[in-house]
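Engineer: sequence and predicted structure, then a few things I'm wondering about:
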Amino acid sequence: MLRAKQIFDQSYSRVLGMHDLRNHLVNVQHFNSEFISDILRSEIVYIVSALDKFLHDVVKVGILEIFNLQRQETPAFNNFSISISQMNSIMNPLTNQNPNAILEEIVITNHRHLSFQDPDKIAQALSLIWLETHKWQKIAIKLGMTEMALKVELKNIVIRRNQIVHEGDIDLFSNDIQDINENDVLKSVNFINSLVNAIYDSII
């Protein structure tokens with residue numbers, strides 16, 4: 001799972017670099033354009049995408065660890081849906097096939113269309129690899145927050161991400177582009193980073 005965390009950390013650093021570029025253009029180059037705020041919008045999109053990928057990666061690794069008896073199995077893992085042909089390919093691989101590689105491809109295929117951003121979806125994904133009943137409560141304690149506050153914060157960030165991606169961040173009633181605040185964006189970016197750290201520390 002370390003590799004999954006390293007990939008997220010690289011994405012987080014990339015977002016911080018985008019933020020530094022935006023600040024340089026505004027504060028040093030005195031770049032004056034209505035489009036500069038789109039860098040802030042990109043930061044929201046990228047950091048939520050990085051969270052999503054991190055969860056896809058750790059769930060995939062966790063499933064492989066359980067399969068190899070390196071992690072405690074969970075009820076959700078035992079109910080993970082695969083076809084008869086997929087099961088046969090794992091149990092009776094061809095001479096040039098590795099069962100782990102086959103299972104990894106199955107997990108990727110089964111999860112490719114899923115989005116792990118909403119708190120409920122994240123909890124469902126983590127249930128495949130983490131035998132913990134009160135997942136969000138445990139994560140919230142690590143962050144020094146209440147479970148409710150944590151979920152609300154995450155949902156609000158994802159809502160804004162969806163407004164940017166699906167609506168161009170344009171208000172549906174006024175048709176004006178919504179304002180975006182630098183401090184709010186940086187707070188959201190750092191919140192997602194802290195959330196990933198808390199999840200990672202909880203499941204390793």
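Structural biologist: Structure received. Residues are numbered from 1 along each chain as shown.
Engineer: so where's the chain shaky on pLDDT?
Structural biologist: Scanning the chain for pLDDT under 70 picks out 95.
Engineer: for it, what's the longest helix?
Structural biologist: As assigned by DSSP state H, the longest helix anywhere in the chain is helix 37-67.
Engineer: after that helix, which helix or strand is next? Please name it.
Structural biologist: Per DSSP states H and E, the first helix or strand lying C-terminal to helix 37-67 is helix 75-78.
Engineer: C-alpha coordinates for that following helix, PDB please?
Structural biologist: As requested, the backbone C-alpha atoms of helix 75-78 are provided in PDB (Å, rounded to 0.1, in the frame of the first residue of the first chain):
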ATOM      1  CA  PRO A  75     -17.400 -10.100   4.900                       C
ATOM      2  CA  ALA A  76     -17.400  -7.700   1.900                       C
ATOM      3  CA  PHE A  77     -14.300  -9.500   0.500                       C
ATOM      4  CA  ASN A  78     -16.000 -12.800   0.800                       C
END
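Engineer: now for that helix, which elements pack on it?
Structural biologist: helix 119-127 (3 or more CB pairs under 8 Å, 6 or more residues apart in numbering; DSSP states H and E). No exception for glycine: its C-beta is placed from N, CA and C like everyone else's.
Engineer: just the buried positions in the helix it packs on, please.
Structural biologist: Residues of helix 119-127 classed as buried by neighbour count (16 or more other CB atoms under 10 Å): 119, 122-123, 125-127.
Engineer: closest to M148 out of the residues you listed?
Structural biologist: When the buried residues of helix 119-127 are ranked by distance to M148 (CB to CB), P119 comes first, at 10.3 Å.
Engineer: which residue sits closest to that closest one, ignoring its sequence neighbours?
Structural biologist: Distance criterion CB to CB, 6 or more residues apart in numbering; nearest residue to P119, sequence neighbours excluded, is K151 at 4.5 Å.
Engineer: quick check: which helices or strands does the helix or strand harbouring the one you found pack against?
Structural biologist: Assigned by DSSP H and E, K151 falls within helix 147-167. The contact analysis (3+ CB pairs under 8 Å, 6+ apart) places helix 147-167 against helix 37-67, helix 119-127, helix 135-143, helix 182-203.
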